[in-house]
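Visitor: Predicted model, plus sequence, below.
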Amino acid sequence: RKEVEQDPGPFNVPEGATVAFNCTYSNSASQSFFWYRQDCRKEPKLLMSVYSSGNEDGRFTAQLNRASQYISLLIRDSKLSDSATYLCVVIANTGNQFYFGTGTSLTVIP
Amino acid sequence: GAVVSQHPSWVICKSGTSVKIECRSLDFQATTMFWYRQFPKQSLMLMATSNEGSKATYEQGVEKDKFLINHASLTLSTLTVTSAHPEDSSFYICSATAGFGNSPLHFGNGTRLTVT
């Protein structure tokens, strides 16, 4: 089983829609979680960390469900500029092992 | 925020030559750096984990003699693609972490390598 699993999509949503992605992880001792955004032909950029209590940054909400071992990213009021690939990254309990999801492709349609 | 600089951004080389890619952490000390390769429309593939002052740990299927990694200081890691072939053409990305607590990864801007 992969350390981190993510639905590759693609997700095609109309502008203004709400869309959510999940990412499951296999190691219950994983300690830190992040969402990254990668635009075509560019490097991934940190979108937000995921905290145990959940956190929000504008239209983006990240949540962690330790019992079911998944993290989620919710995007409200989708913009065309949100079109990208969204990667989840999980840090193992050792602190220096990072596990990536395969990325979820999002296209926001006018 | 933390910045990782990667150089060069793109390079075109002839088959059989070697190419060196540098990855620098500009405002933090990176105890661990990672090298990835990404082919078009595919996900990032971890090639190796580089710890300062020790040998890199390569992922299965990655030839250590072909992809030489040196992490001589806390701010610099290099990847040398030796005797490059057209199939080595790819997008190479490094990332770095300070390696403590819940420090996130910071990525370099990537190097697009084309081997002719």
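Guide: Looks like it arrived, so ask away.
Visitor: beta partners of residue 70?
Guide: Looking at chain A here, since you left the chain open. A:T24, A:N65 (DSSP bridges).
Visitor: could you do chain B instead?
Guide: Going by DSSP bridges, B:N70 forms beta bridges with B:T78.
Visitor: count of neighbours near it?
Guide: 15 (other CB atoms under 10 Å in any protein chain shown). Glycine gets a C-beta too; all of them are placed from N, C-alpha and C.
Visitor: Burial check on the closest residue to chain A within chain B, number of neighbours?
Guide: Nearest to chain A, among the residues of chain B, is B:N102, at 3.6 Å (CB to the nearest CB). B:N102: 14 surrounding residues under other CB under 10 Å.
Visitor: Helix or strand: which one has it?
Guide: Under the criterion DSSP states H and E, no helix or strand holds B:N102.
Visitor: quick one: it and A:Q31 touch, right?
Guide: Yes - B:N102 lies in contact with A:Q31 (CB atoms under 8 Å); the separation is 6.5 Å.
Visitor: which residue packs closest to the residue of chain B closest to chain A, ignoring adjacent ones?
Guide: Leaving aside its sequence neighbours, B:N102 sits nearest to A:S32 (CB to CB, 6 or more residues apart in numbering or on different chains; 3.6 Å).
Visitor: Could you check how far the one you found is from A:Q6?
Guide: 17 Å (CB to CB, to the nearest Å).
Visitor: Quick check: which ranges of chain A have low pLDDT?
Guide: A:1, A:93-96 (pLDDT under 70).
Visitor: What residues does it have near chain B?
Guide: A:31-32, A:34, A:36, A:41-46, A:49, A:87, A:89, A:91, A:95-96, A:98, A:100-103 (CB under 8 Å from any CB of the partner chain).
Visitor: Apply 10 Å and report the result again.
Guide: Contact residues, chain A versus chain B (CB under 10 Å from any CB of the partner chain): A:6, A:8, A:31-34, A:36, A:38, A:40-46, A:48-51, A:85, A:87, A:89, A:91, A:95-103, A:105.
Visitor: Could you tell me which of those count as buried?
Guide: Neighbour counting by 16 or more other CB atoms under 10 Å in any protein chain shown classes A:6, A:32-34, A:36, A:38, A:43-44, A:46, A:48-50, A:85, A:87, A:89, A:91, A:95, A:98-103, A:105 among those as buried.
Visitor: Next, the contact list for the closest residue to B:L76 other than its chain neighbours, please.
Guide: Spatial nearest neighbour of B:L76, chain neighbours left out: B:R24 (5.3 Å); criterion: CB to CB, 6+ apart. Applying CB atoms under 10 Å, 6 or more residues apart in numbering or on different chains, we find B:R24 in contact with B:3-7, B:30, B:33, B:73, B:75-78, B:94, B:96, B:108.
Visitor: run the last query once more with 8 Å
Guide: B:V4, B:S5, B:Q6, B:H7, B:T75, B:L76 (CB atoms under 8 Å, 6 or more residues apart in numbering or on different chains).
Visitor: what pairs with it across the strands?
Guide: Here B:R24, judged by DSSP bridges, has bridge partners B:S5, B:L76.
Visitor: Please apply the same query to A:V89.
Guide: A:F34, A:F100.
Visitor: And chain A, is stretch B:86-99 touching that?
Guide: Yes - interface with chain A: stretch B:86-99 contributes B:F91, B:I93, B:S95, B:T97, B:G99 (CB under 8 Å from any CB).
Visitor: then that stretch to CSV, C-alphas only?
Guide: C-alpha atoms of stretch B:86-99 as CSV (Å, rounded to 0.1, in the frame of the first residue of the first chain):
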residue,chain,number,x,y,z
PRO,B,86,18.1,11.9,-24.4
GLU,B,87,16.0,9.7,-22.0
ASP,B,88,17.4,11.8,-19.2
SER,B,89,15.6,14.8,-20.5
SER,B,90,13.2,15.8,-17.8
PHE,B,91,12.3,18.5,-15.2
TYR,B,92,14.6,18.1,-12.2
ILE,B,93,13.5,19.7,-8.9
CYS,B,94,15.2,20.0,-5.6
SER,B,95,13.6,20.6,-2.2
ALA,B,96,15.0,21.4,1.2
THR,B,97,14.0,21.3,4.7
ALA,B,98,15.5,22.5,7.9
GLY,B,99,14.6,19.1,9.2
